[in-house]
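**Student:** Just a sequence and a predicted model for now, questions to come.
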Amino acid sequence: MEAESKNKKIFAIKSFLKEYLDLRKDRENELATVDSIRKGVEFKGANLWILIFAIFMASLGLNVNSTAVIIGAMLISPLMGPIMGVGLSVGLNDFELMKRSLKSFLITTAFSVATATIFFLITPLVEARSELLARTSPTIYDVFIGLFGGMAGVVALSTKEKGNVIPGVAIATALMPPLCTAGYGLASGNLIYFFGAFYLYFINSVFISLATFIGVRVMHFHRKEFVDKAREKTVRRYIIWIVVLTMCPAVYLTYDIVKSTFYEASANRFVNEELSFENTQVLDRKISYEKKEIRVVLVGPEVPEASITIARSKLDNYKLKDTKLTVLQGMNSGMVDVSSIRALVMEDFYKNSELRLLEQQRKIEGLETSLEQYKSYETIGRDLVPELKVLYPSIASLSISHSVETR
């Protein structure tokens, strides 16, 4: 009886999942899906010109730090076509399509990097902004973005209602900005930027292709049969190696970034909790994960060296072992960056100014309310005089004033 009840529950769960997760209900004709991806593979004429203009737009957006322009460029870019074509060709065992897809992929990549390099060679703005720098350090999270974005894309292409999925995938996977950043790296001679950005582009490309391959296999698209079974095994082996080798550097970089983030969080907590002294303020702090160093500038009454030594002894409690703590105060505080002092003063000034403005605004609103009340007396007087003259014809004028009643 208990086993039967358990089987019923399992059956109910399976039925529920099948009803809500079944892709066959909204599935497009398989030939239409394959044909749609095949058409996106070709990169000649209009498609290539659209890509060039989109690269110019994205480069301009990175140059002026405009997120809106970058998103616009990603929406009009046709870059995903050849990348999904590679995944489709592997999934269908279609080597002719694979050759065309890889050829288009190489052409689009070369044109994109060349266009971005030309733009950054002629632009007068040479400083690397935050939008550009964000594309120079790929992590394992970019692997997941490429994989899940590609999965969403292939599922959307295989259904009748595409909706906003494809534009969303284009924005999320962000193929354009890394290529533009790679162009910036070449134009500025900064190979670290070039390789970092190009690696991010390669991650996105590989995992969008992998997602397309997985989607095609999961949805059981009709595929060509390998005549040579050994060749099929070789292709599978290559896919596994490419995926693993692409992930390895990203895993290492992510591990390093996570460690750095935890270190900085612990260091900030240490400064806030252990270097908080009476009548003394932390004017500036510099935390270096690479050097394992915390530099703090204090202003106010000089803190005794004994107190600083006690604070230094507590570094291990915050998982900051082997960290060097440098505290600058008194005469040594001259080593602080003047811009830090200026920034602190300006911050206090703006805060105080904002408080004064809010206080003045409240007073003005109160005075306006009082003025409106006094104006209402004049209106009431004009309305009352005709009525009072009917009752008391001898009235010559009427005076109304504010009064205070006590009981």
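**Tutor:** In hand now; what should we look at?
**Student:** Hmm, Leu200 and Phe249 touching each other?
**Tutor:** Let me fix one detail, which is that residue 249 is Pro and not Phe. No. With contact defined as CB atoms under 8 Å, Pro249 does not reach Leu200; the gap is 10.6 Å. For glycine as for every other residue, the C-beta is placed from the backbone atoms N, C-alpha and C.
**Student:** Comparing the two, which residue is more hemmed in?
**Tutor:** Leu200 (26 against 15; other CB atoms under 10 Å).
**Student:** Okay, strands next: where are they in the stretch 151-300 of the chain?
**Tutor:** Secondary structure of the stretch 151-300 of the chain (DSSP state E, counting those that start in this stretch): strands at 281-288, 293-299.
**Student:** Name the stretch among these that sits most buried.
**Tutor:** strand 293-299 (a mean of 20; mean count of other CB atoms under 10 Å).
**Student:** buried ones in whichever helix or strand comes after it?
**Tutor:** Per DSSP states H and E, strand 293-299 leads on to helix 305-313 as the next helix or strand towards the C-terminus. Neighbour-count burial for helix 305-313, counted by 16 or more other CB atoms under 10 Å, picks out 308, 311-312.
**Student:** Quick one: closest of the strands of the stretch 151-300 of the chain to Leu21.
**Tutor:** strand 281-288 (46.5 Å; CB to CB).
**Student:** relative to strand 293-299, how tilted is the closest one?
**Tutor:** Strand 281-288 runs at 170 degrees relative to strand 293-299, counting by axes from the mean of the first three to the mean of the last three CA atoms, to 10 degrees.
**Student:** tell me the average confidence for strand 281-288?
**Tutor:** Averaging pLDDT along strand 281-288 yields 85.
**Student:** if we can go back for a sec, joint contacts of Pro249 and Leu200?
**Tutor:** Pro138 (CB atoms under 8 Å, 6 or more residues apart in numbering).
**Student:** quick revisit: with distance to Gly85 added, can I get the buried residues of helix 305-313 in JSON lines?
**Tutor:** Compiled in JSON lines, the buried residues of helix 305-313 are given as follows (distance: CB to CB, whole Å):
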{"residue": "Ile308", "distance to Gly85": "63"}
{"residue": "Ala311", "distance to Gly85": "60"}
{"residue": "Arg312", "distance to Gly85": "60"}
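**Student:** Can you tell me which of the residues you listed is closest to Leu186?
**Tutor:** Arg312 (46.1 Å).
**Student:** pLDDT at that closest one, what is it?
**Tutor:** Arg312 is given a pLDDT of 90.
**Student:** go on, Ala306?
**Tutor:** 88.
**Student:** swap in Leu357?
**Tutor:** 76.
**Student:** which residues of the stretch 201-350 of the chain fall in helices?
**Tutor:** Assigned by DSSP state H, counting those that start in this stretch, the helices in the stretch 201-350 of the chain fall at 229-274, 305-313, 338-391.
**Student:** which one of those lies closest to Phe213?
**Tutor:** helix 229-274 (7.2 Å).
**Student:** which regions of the stretch 301-407 of the chain sit below the pLDDT cut-off?
**Tutor:** Along the stretch 301-407 of the chain, the model assigns pLDDT under 70 to residues 330-353, 374-378, 380-381, 383, 388, 390-392, 398, 401-407.
**Student:** Name the nearest residue to Ile55, sequence neighbours excluded.
**Tutor:** Thr115 (4.3 Å; CB to CB, 6 or more residues apart in numbering).
**Student:** Look up how far Ser209 lies from that neighbour.
**Tutor:** 23 Å (CB to CB, to the nearest Å).
**Student:** what about the two, which has more around it?
**Tutor:** Neighbour count, other CB under 10 Å: between Thr115 and Ser209, Ser209 has more, with 27 against 21.
**Student:** From what I see, that one and Met84 are in contact.
**Tutor:** Yes. Counting by CB under 8 Å, Ser209 touches Met84, with 7.1 Å between them.
**Student:** Mind listing the shared neighbours of these two?
**Tutor:** Gly150.
**Student:** Tell me the buried residues in stretch 120-128?
**Tutor:** 120, 128.
**Student:** Contacts for it, please.
**Tutor:** 59, 63-64, 183-184, 186-188, 193.
**Student:** now swap in stretch 264-272 and tell me
**Tutor:** So stretch 264-272 is contacted by 282, 285, 287, 289, 294, 296, 314-315, 318-320, 323 (CB under 8 Å, 6+ apart).
**Student:** any idea how far Glu96 lies from Asp322?
**Tutor:** Applying CB to CB to Glu96 and Asp322 gives a distance of 59 Å.
**Student:** Adding distance to Ser77, write the strands of the stretch 151-300 of the chain out as a markdown table.
**Tutor:** Formatted as a markdown table, these follow (distance: least, CB to CB, whole Å):
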| stretch | distance to Ser77 |
| --- | --- |
| strand 281-288 | 38 |
| strand 293-299 | 43 |
